[in-house]
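Novice: got a sequence here, can you build the structure:
(2 chains)
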Protein chains: 2
Amino acid sequence: LKTISNSRRCYKQWLWFMVLFMSFSVIYVDAVWPMPQMISSSMARYTLNPREFIFQYSSGSSAQPGCSLLDSAFERYYPPRQHDEWFRFPFTVVVHVERAECEGYPDADSSESYKLSVCSGQAALRAETVWGALRGLESFSQLVYQDDFGEYFVNETEIEDFPRFQFRGILLDTSRHYLPLHAILKTLDAMSYNKFNVFHWHIVDDPSFPYQSSTFPDLSSKGAFHPLTHVYTQIDVKRVIAHARLRGIRVLAEFDSPGHTQSWGKGQPGLLTPCYKGTVPSGTFGPVNPANSSSYQFMTRLFKEVTSVFPDSYVHLGGDEVDFTCWKSNPDVRGFMLKMGFGTDYTKLESYYMEKLVDKKGPKWRLVWFWQDVFDYHEKIPVDTVLHIWKGSPGQIQQELSSITLAGYRVILAAPWYINHIDYGQDWEKYYTIQPLNFTGTEQQKTLVIGGEVCMWGEYVDATNLSPRLWPRASAAGERLWSDEKMTSSVIDAFPRLVDFRCRLLRRGIQAEPLFVGHCRHEYQGI
Amino acid sequence: LKTISNSRRCYKQWLWFMVLFMSFSVIYVDAVWPMPQMISSSMARYTLNPREFIFQYSSGSSAQPGCSLLDSAFERYYPPRQHDEWFRFPFTVVVHVERAECEGYPDADSSESYKLSVCSGQAALRAETVWGALRGLESFSQLVYQDDFGEYFVNETEIEDFPRFQFRGILLDTSRHYLPLHAILKTLDAMSYNKFNVFHWHIVDDPSFPYQSSTFPDLSSKGAFHPLTHVYTQIDVKRVIAHARLRGIRVLAEFDSPGHTQSWGKGQPGLLTPCYKGTVPSGTFGPVNPANSSSYQFMTRLFKEVTSVFPDSYVHLGGDEVDFTCWKSNPDVRGFMLKMGFGTDYTKLESYYMEKLVDKKGPKWRLVWFWQDVFDYHEKIPVDTVLHIWKGSPGQIQQELSSITLAGYRVILAAPWYINHIDYGQDWEKYYTIQPLNFTGTEQQKTLVIGGEVCMWGEYVDATNLSPRLWPRASAAGERLWSDEKMTSSVIDAFPRLVDFRCRLLRRGIQAEPLFVGHCRHEYQGI
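Specialist: Coordinates of the predicted model:
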């Protein structure tokens, strides 16, 4: 067998050696989604006998058997089988990793690049990190296809690949509807097939507080839709984080405040601002009360817990859509405004609240993300903050991209991918043709756009319709965020590839809806 | 125990006797969907112990044990359980049917009325037919509810009920996407919960011909997406018909022609019109060739099979969207036009085709349905034809209703319920507020509107998203077609009832999507 270091030259040199293994076919579809940065393949193909196939660590790889992350990936992609006695020359996928982080978590600066070479009757996968190796395994799995007789093949292929954007996220909203754990785990599976790498868990909001806090158990026992069945226990959260880790996905937790906190108030009396009607409390509540020092003490303790539970170096602090009406009605808040010299500018009060929140960072307190509102209304934001663009017309979005990057902040683009909004017809094209860097700014500014995010807000979505609404529509954004824009600018070229990829998702049990009239060889066989 | 004949008086007389069984609660929701024509209930309620509950035929009922239809309904609603030794005073649902049609099929004139009385620690259900008894069992099942501790209750209730419209249909399109059998059967289940009574099976169309004909096996072996996996065998079709029958649902098969027949041409060479480009055939094909007598011979044989396979007295012959371009291009068709004296009026040719199709009716040939196009373009339609309105603005639809009923034809309204079209938000309200009889016409004309139909065309729908797109959106149309319009005119009143009913659908395994922010006690636990 050839050594791995020769593999790059294999394609030409070994072409004629392969006749025993090869056959030619038009079935082969160039099927890796999202499109790798560089891919070349020939019509030469190898038969993959399911009983003669193994994954193996290369001898020089820093990851070796026992690397939990890759061992479990091998098992997902190809569970060990009973092999025949005459098992002699298996098709081997040899994996080489330079830096093993087998027990670590993916983070903002994790490399996901990899090189994959399928030739000489084997595949060689090289990556700097285990995260890159995961991406390469996914690509390899997508090179495998079946003919009409059910035989498996993989074509001679060379891939060099890395993501265009470091941050490729999906937001799920578990407050407007509770999503059972299996729905979250299934989404993480599908994310990994699409090479998404951040699960933005918008875990609590106005309607419900399903996160079961160990510090403040009343938050969920009183603020969840149901204290026992509609909560995420600490074990549930750990399971989500572990499931995500094994797929190279970060879990970015968002505890949005001071607005979007109605459900918090149920289990934490005194936290929210009592709204007034004239001179008497109306019985309703507004955003977190920024005039009470107890609010900040509560937040400090809550985020101390959050940052110990979620291993990612970022937490998302929200900060969007703060309605000032209730603050304005409350005499204590008005008194506080006077005392602080804010006049009648309530954005200063909001700003004060956000700064106090960020100021609280101790050794366990980490980097933060905000929705764009925090940039729009406030001046003093730490320079390591990441801002999330979630609203505006295409022109306004371009303007916001310019402004935020000009101010030197890193930015995530979410606004064009509010995928909870649905339309009749093939709206994936809309998500596919977004050009995230199409705004006025220097090259330096463009590097500050670190990625994008597909947002599935939960007003009309729960476990019954999450998967078909998300997939394959989010796959369009997945390719936009991973692949080279020039190589993937054509909706017409993308269509048959996405149709093919969607069938692959079905085959893997993802309830991905059809793009248009047609069929998959294996239709969805769920409930 | 009280005799059934006293049951109507039970509500008042026995109220004070019931104290032992009663407790008062605010949990109870007036939850029968669609709303019965007359319903009254009290807060008095009986506990239903799952181990002390039975269905029973009344002694005078013409249906008795052995009635396959009701026996299996009893089993669906309440599978027999191991009872305790001390099983003494079970809660009994006593069912009385005047005319047993236990082995029959529901048809256009089947009565679905029923009376249900829950009092004196039992329920009495009276219906003219088994079909009415099925509707009554469904209503009874919806009266049952659980409290927070999981105990089951049913309140004292009196219902007199019958459908407003005789025809309450759902169309599924199995040509644009193949729907696996389980998806069809599941839809039939959900239809029965909503008291829909017609499954309009748009079984074949341009993209594929999945119906496996015994007379013309090539139609599916060449015209289906796949000859083995994407077909409905004769056994599959029988299973659908049997499943529907047990739920009081008719199966109305549609074999649409002369347009919408591209897939037919693959297995039946010579059937379609060869299109011409100038003086030479272009290689493409148009509608069925109306100039060939062999076309009619083929149709006669096909429909002879269809009418023997499908027991309903109606078949749907389609007749919509016939494009004349190809006919005009073909010299043989032009010659035929000349010979028949049709001039250049191709609607006359279409008319000729439809008339020949209907003329072919022998003893096994039955009543027919057409899409409205056949009325719009043709004059000679048999008076027993039913016409389907599928297009137009609200004003045009009203006009069409007036015209068709003025001409004395019966009509089904489908146009306002093209539920495949989706929008963001609560679009069920749109389907709920349709007023099918709001058009200019006499009372006699209004009686000719025999019902309505929800159409789920398959361009963007397959088994992955069928259920959440259909339910509970179609439930809105279900109530409109069954219930009194005055009693159900308010979207605001309907909302909490529909929310409650949707949770009931979830509990029964129907993947019904949420209406808005909130939760169900039992969330969807499917794949």
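Novice: what count of nearby residues applies to the closest residue in space to residue A:433 that isn't next to it in sequence?
Specialist: Residue nearest to residue A:433 in three dimensions, not counting chain neighbours: residue A:491, with 6.5 Å by C-beta to C-beta, 6 or more residues apart in numbering or on different chains. All C-beta spots, glycine's among them, are computed from the backbone N, C-alpha and C. Using other C-beta atoms under 10 Å in any protein chain shown, residue A:491 is surrounded by 15 other residues.
Novice: now do the same contact list for residue A:491.
Specialist: When contacts are counted by C-beta atoms under 8 Å, 6 or more residues apart in numbering or on different chains, residue A:491 touches A:429, A:432, A:433.
Novice: can you rerun that using 10 Å?
Specialist: Neighbour list for residue A:491: A:426, A:428, A:429, A:430, A:432, A:433, A:476, A:498 [criterion: C-beta atoms under 10 Å, 6 or more residues apart in numbering or on different chains].
Novice: now it: how far from residue A:428?
Specialist: Separation of residue A:491 from residue A:428 (C-beta to C-beta, to the nearest Å) stands at 9 Å.
Novice: look up phi and psi at the closest residue to chain B within the stretch 1-150 of chain A.
Specialist: Going by C-beta to the nearest C-beta, chain B is nearest to residue A:148 of the stretch 1-150 of chain A, at 9.8 Å. Main-chain dihedrals, residue A:148, degrees, to the nearest 10: phi -60, psi -20.
Novice: I'd assumed residue B:228 was in contact with it.
Specialist: No: applying C-beta atoms under 10 Å, one finds residue A:148 not in contact with residue B:228, separated by 11.1 Å.
Novice: next, show the common contact partners of residue A:491 and residue A:428.
Specialist: Common neighbours of residue A:491 and residue A:428 (C-beta under 10 Å, 6+ apart) are A:476, A:498.
Novice: the helices in the stretch 251-400 of chain A, which residues?
Specialist: Assigned by DSSP state H, counting those that start in this stretch, the stretch 251-400 of chain A shows helices spanning A:262-267, A:293-309, A:325-329, A:331-340, A:346-359, A:373-377, A:394-406.
Novice: which stretch among those is buried most, on average?
Specialist: Among the helices of the stretch 251-400 of chain A, ranked by average contacts under mean count of other C-beta atoms under 10 Å in any protein chain shown, first place goes to helix A:262-267 (a mean of 22).
Novice: do it and chain B meet?
Specialist: No: judged by C-beta under 10 Å from any C-beta of the partner chain, helix A:262-267 and chain B are separated, with a smallest distance of 11.2 Å.
Novice: quick check: mean pLDDT across that helix?
Specialist: Average pLDDT, helix A:262-267: 98.
Novice: chain B versus residue A:424, what's the distance?
Specialist: 5 Å (C-beta to the nearest C-beta, to the nearest Å).
Novice: contact partners for that residue?
Specialist: So residue A:424 contacts B:418, B:420, B:421, B:422, B:423, B:459, B:460 (C-beta under 10 Å, 6+ apart).
Novice: most surrounded residue in those residues?
Specialist: residue B:460 (21 neighbours).
Novice: with adjacent residues omitted, what lies nearest to it?
Specialist: Per C-beta to C-beta, 6+ apart, closest to residue B:460 is residue A:514, 6.2 Å.
Novice: in terms of contact, does the one you found touch residue B:179 like I think?
Specialist: No: taking C-beta under 10 Å as the definition, residue A:514 is not a contact partner of residue B:179, at 11.3 Å.
Novice: pairing partners for the strand or helix carrying residue A:128, with directions?
Specialist: Following DSSP states H and E, one finds residue A:128 within strand A:122-129. Strand pairing for strand A:122-129, using DSSP bridges, gives strand A:91-99 (parallel), strand A:114-119 (antiparallel).
Novice: pick the most deeply packed of those strands.
Specialist: It is strand A:114-119: most buried of those by mean count of other C-beta under 10 Å, with a mean of 26.
Novice: average pLDDT for that strand, rounded please.
Specialist: Per-residue scores along strand A:114-119 average to 97.
Novice: please apply the same query to stretch A:422-439.
Specialist: Rounded mean pLDDT across stretch A:422-439 is 97.
Novice: could you give me the buried positions within it?
Specialist: By neighbour count on 16 or more other C-beta atoms under 10 Å in any protein chain shown, the buried set for stretch A:422-439 is A:422, A:426, A:428, A:430, A:431, A:432, A:433, A:434, A:436, A:439.
Novice: so how far is it off the chain centroid?
Specialist: 18 Å (C-alpha atoms, centre = their mean, to the nearest Å).
Novice: and the end-to-end length of that stretch?
Specialist: 26 Å (C-alpha to C-alpha, to the nearest Å).
Novice: gap between the two ends of stretch A:162-170?
Specialist: End-to-end distance for stretch A:162-170, by C-alpha to C-alpha: 19 Å.
Novice: make that stretch A:226-245, sorry
Specialist: OK, stretch A:226-245 end separation, C-alpha to C-alpha: 29 Å.
Novice: now stretch A:229-240
Specialist: End-to-end distance of stretch A:229-240: 17 Å, with C-alpha to C-alpha as the criterion.
Novice: and it, what's buried?
Specialist: A:230, A:231, A:232, A:236, A:237, A:240.
Novice: which of the residues you listed lies closest to residue B:308?
Specialist: Distance to residue B:308, by C-beta to C-beta, is smallest for residue A:230 among these, at 52.7 Å.
Novice: report pLDDT for that closest one.
Specialist: 98.
Novice: quick one: average confidence on stretch A:186-204?
Specialist: So the average pLDDT for stretch A:186-204 ends up being 98.
Novice: contacting residues for residue A:278?
Specialist: residue A:329.
Novice: I'd like the distance between it and residue B:147.
Specialist: The value you get for residue A:278 to residue B:147, if C-beta to C-beta is used, is 41 Å.
Novice: again with residue A:64
Specialist: Counting by C-beta to C-beta, the gap from residue A:64 to residue B:147 is 58 Å.
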